[in-house]
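>>> coordinates only, sequence not included:
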């Protein structure tokens, strides 16, 4: 290089720093930066050189490159992209390569602010909520955390989880926002499929429970039908007699109508309970859930010589729940209690249904019986799928019940009844009294 400079005057390295691989006297190699300068006014030409070991810097740069490559791979695997928006104008905004894919863009397309690009993409049903959270972030909130739907330019619908954090200066002005957009479409679809499967299993559980109560249901429907037949025969006799009393005929017809309505109400309650339907959570009084279950279970209990006693909470607590699913849980526990007392003396056949507000402010439901009880070994397996102590049982009732209670934010457990038998408890979060009012 020096000879070339002397002969041709072309400064390939003169005054220019250059990185190269150097060798120490001992033979080991290292990364170095070399700079050469000519000493002016010397003839023949003389040069001065500076060499600096840059191993630490090169290693740091290489580690940074590896880290960036690993981050890119991790974002591709997680289907997540990140961005940085600078509001002070000192730095360029940043989109990670995978953010383009998450938002349906091609990498390298002309830059546009991530929020300007996002706003028209947000699903119309989610836009008001998205704008509200964005507005709160601009007005002083430190962060945002929201899930919503976006529509890609090709029309594809995707679910994203958007997290952003704001950095502000001493004067409160926004300096930058750092955020991530995580495509959670696959997770949401899996959750929806799991929820649908849970609903189908719960529906199966309700049908199974009704099957176990078939004798009592038949008796409950048969009573008004028998009454209708009796009154209809009375009407025939009255009409066939010489002394027809229109008042007596009208009274008999009124009884027929009342018994038909009674039978219809029984069928309506059963149909509401067993039909496959979407989950609908609404605010409902906890004591009302016990009363509705009593209506469904009373005949079956009486058919088996079992008394059901209600002990409702005087506070009348409210819960946010799907009434049919919670009725299913209570009815399943009642059915188990009835089966557990079939061999008990009739004087002991009693089920207590109780609600009260526990120390943590949750609403606690209790179903207690005087049956055979549950031993310690069985209690450990009781809520496992397909575990059953009943001949011909499916072993799904308590497992389904626990899943329903957990989905409502509560818990289900069992303990021994001090007077003999078993007690099953489950809790649901109470609706605050201010919300209830």
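Right, received. Where do you want to start? These numbers come from a predicted model, not from an experiment.

>>> Who are the contact partners of residue 19?
Each residue near residue 19 by CB atoms under 8 Å, 6 or more residues apart in numbering is listed here: 31, 32, 33, 34, 54. Just so you know, the C-beta spots here come from the backbone N, C-alpha and C atoms, and that holds for glycine as well.

>>> Secondary structure class of it, three-state.
The three-state assignment at residue 19 reads strand, by DSSP: H, G, I helix; E, B strand; the rest coil.

>>> Per-residue pLDDT of residue 211, please?
Residue 211 is assigned 59 on the pLDDT scale.

>>> could I get the contacts of residue 19 as CSV with distance to residue 386?
Shown next, in CSV, are the contacts of residue 19 (distance: CB to CB, whole Å):
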residue, distance to residue 386
31, 65
32, 71
33, 71
34, 75
54, 67
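
>>> Strands - which of those land there?
Judged by DSSP state E, those include 31, 32, 33, 34 as members of strands.

>>> count of residues packed around the last one?
This means residue 34. Neighbour count for residue 34, taken as other CB atoms under 10 Å: 16.

>>> does it really touch residue 48, like I thought?
No - assessed by CB atoms under 8 Å, residue 34 is found out of contact with residue 48, at 11.7 Å.

>>> Next, work out how far apart the residue lying closest to residue 298 once chain neighbours are set aside and residue 341 are.
Take residue 298 and drop its neighbours on the chain: the residue closest to it by CB to CB, 6 or more residues apart in numbering is residue 308, 6.4 Å away. Counting by CB to CB, to the nearest Å, the gap between residue 308 and residue 341 amounts to 11 Å.

>>> got any residues that touch both of those two?
With CB under 8 Å, 6+ apart as the test, residue 308 and residue 341 both reach residue 351.

>>> hey, what's residue 80 bridged with?
residue 182 (DSSP bridges).

>>> what about stretch 47-61, distance to the chain center?
Averaging C-alpha positions (CA atoms, centre = their mean, to the nearest Å) puts stretch 47-61 55 Å from its chain's average.

>>> so when I look at residue 331, I'm seeing a strand, right?
No - assigned with three-state DSSP, residue 331 falls outside any strand and is helix.

>>> any idea which element the spatially closest residue to it that is not a sequence neighbour lies in?
Distances taken as CB to CB, 6+ apart put residue 293 closest to residue 331, at 5.4 Å, once the chain neighbours are dropped. Using DSSP states H and E, residue 293 sits in helix 286-303.

>>> And the next helix or strand past that helix?
strand 307-311.

>>> what's the offset of whatever helix or strand comes next after that following strand from the middle of its chain?
Once strand 307-311 ends, the next helix or strand along the chain (criterion: DSSP H and E) is strand 318-321. From the chain centre to the centre of strand 318-321 is a distance of 17 Å (CA atoms, centre = their mean).

>>> For strand 318-321, which helices and strands make contact with it?
Under the contact criterion of 3 or more CB pairs under 8 Å, 6 or more residues apart in numbering; DSSP states H and E, strand 318-321 touches strand 282-285, helix 286-303, strand 422-428.

>>> Mind doing that once more with 10 Å?
The contact analysis (3 or more CB pairs under 10 Å, 6 or more residues apart in numbering; DSSP states H and E) places strand 318-321 against strand 282-285, helix 286-303, helix 323-340, strand 363-368, helix 397-407, strand 422-428, helix 433-436.

>>> May I see the ones you listed organised as TSV, with mean neighbour count added?
Below are these laid out as TSV (neighbours: other CB atoms under 10 Å):
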stretch	mean neighbour count
strand 282-285	14
helix 286-303	20
helix 323-340	24
strand 363-368	23
helix 397-407	21
strand 422-428	22
helix 433-436	10
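
>>> Report pLDDT for residue 250.
Per-residue confidence at residue 250 stands at 83 (pLDDT).

>>> now swap in residue 381 and tell me
Taking residue 381 on its own, its pLDDT is 80.

>>> Check whether it really touches residue 387, as I assumed.
Yes - proximity of residue 381 to residue 387 meets the contact threshold set by CB atoms under 10 Å, at 4.7 Å.

>>> quick revisit: show me what the helix holding residue 293 packs onto, helices and strands only.
So helix 286-303, by 3+ CB pairs under 10 Å, 6+ apart, packs with helix 185-212, helix 214-240, helix 246-274, strand 307-311, strand 318-321, helix 323-340, strand 350-357, strand 363-368.

>>> Quick check: can you name the pairing partners of the last one and their directions?
Each strand pairing with strand 363-368, determined using DSSP bridges, is listed with its direction: strand 350-357 (antiparallel), strand 422-428 (antiparallel).

>>> how about the helices and strands packed on strand 318-321, which one is nearest residue 264?
Closest to residue 264 of those, according to CB to CB: helix 286-303, at 14.2 Å.

>>> what's the domain layout of this structure?
2-53, 65-183, 194-436 (automatic domain parsing).

>>> quick one on the thing from earlier: closest one to residue 189 among the strands paired with strand 363-368?
With CB to CB as the measure, strand 422-428 is the member of these nearest residue 189 (28.2 Å).

>>> Count the residues that sit near residue 144.
20.

>>> so who does it touch?
By CB atoms under 10 Å, 6 or more residues apart in numbering, the residues touching residue 144 are 130, 132-138, 162-166, 177, 179.

>>> swap the cut-off to 8 Å and go again
Applying CB under 8 Å, 6+ apart to residue 144 gives the contacts 133, 134, 136, 137, 162, 163, 164, 179.

>>> Please apply the same query to residue 177.
Listed by CB under 8 Å, 6+ apart, the contact set of residue 177 reads 84, 85, 87, 137, 164, 165, 166, 167.

>>> what about 10 Å?
Neighbouring residues of residue 177 by CB under 10 Å, 6+ apart: 83-87, 93, 114-115, 137-138, 143-144, 164-168.
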